[in-house]
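Novice: no sequence for this one, just the structure:
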């Protein structure tokens, strides 16, 4: 069974690098995501959003109904997103490459025992 609706796009994965020691603060912030931010994520067409952390490496996985660019446009046009990002900015070492692109994770291997995996 799929982890998102049948209309969701394939998953998108990217990472962030936190400043040394910033992990616990990052975790605390995400244990209490603002309700307005959660509503905005849903409004932006994000179906499934997961975040994992190992020390200073944060891995994000999301699926959208609208496509990454459309969802990002909705998020970035909103003050709630800007305020949320600003509230976390002091924790990040890097969130994008030299061209401003997210730090995309590129699939290098997959084993699928079933066609729907």
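Specialist: Arrived safely. These figures come from a predicted structure and were not determined experimentally. Numbering: from 1, shown residues only.

Novice: Span of stretch 34-52 from start to end?
Specialist: 19 Å (CA to CA, to the nearest Å).

Novice: List the buried residues in that stretch.
Specialist: 37, 40, 41, 44, 45, 46, 47, 49 (16 or more other CB atoms under 10 Å). Where C-beta positions appear, they are placed from N, C-alpha and C, glycine not excepted.

Novice: And those residues, which two are furthest apart?
Specialist: Spatial extent of the buried residues of stretch 34-52 (CB to CB) is set by the pair 37 and 47 at 16.1 Å.

Novice: tell me the strands in the protein, going along the chain?
Specialist: Ranges of strands within the chain are 12-18, 46-54, 57-64, 92-94, 103-104, based on DSSP state E.

Novice: For residue 32, find the nearest of these.
Specialist: Among those, strand 46-54 comes nearest to residue 32, with 13.7 Å by CB to CB.

Novice: from the middle of its chain, how far away would the closest one be?
Specialist: 6 Å (CA atoms, centre = their mean, to the nearest Å).

Novice: what's around residue 87, how many residues?
Specialist: Residue 87 has 12 neighbouring residues, counting by other CB atoms under 10 Å.

Novice: these two touch, right, it and residue 28?
Specialist: No: the pair residue 87 and residue 28 fails to qualify as a contact (CB atoms under 8 Å) at a distance of 11.5 Å.

Novice: Run through this structure and note the low-pLDDT ranges.
Specialist: 1-8, 116-117 (pLDDT under 70).

Novice: rerun at 90
Specialist: Along the chain, segments meeting pLDDT under 90 span 1-10, 100-101, 107, 110, 112, 114-117.
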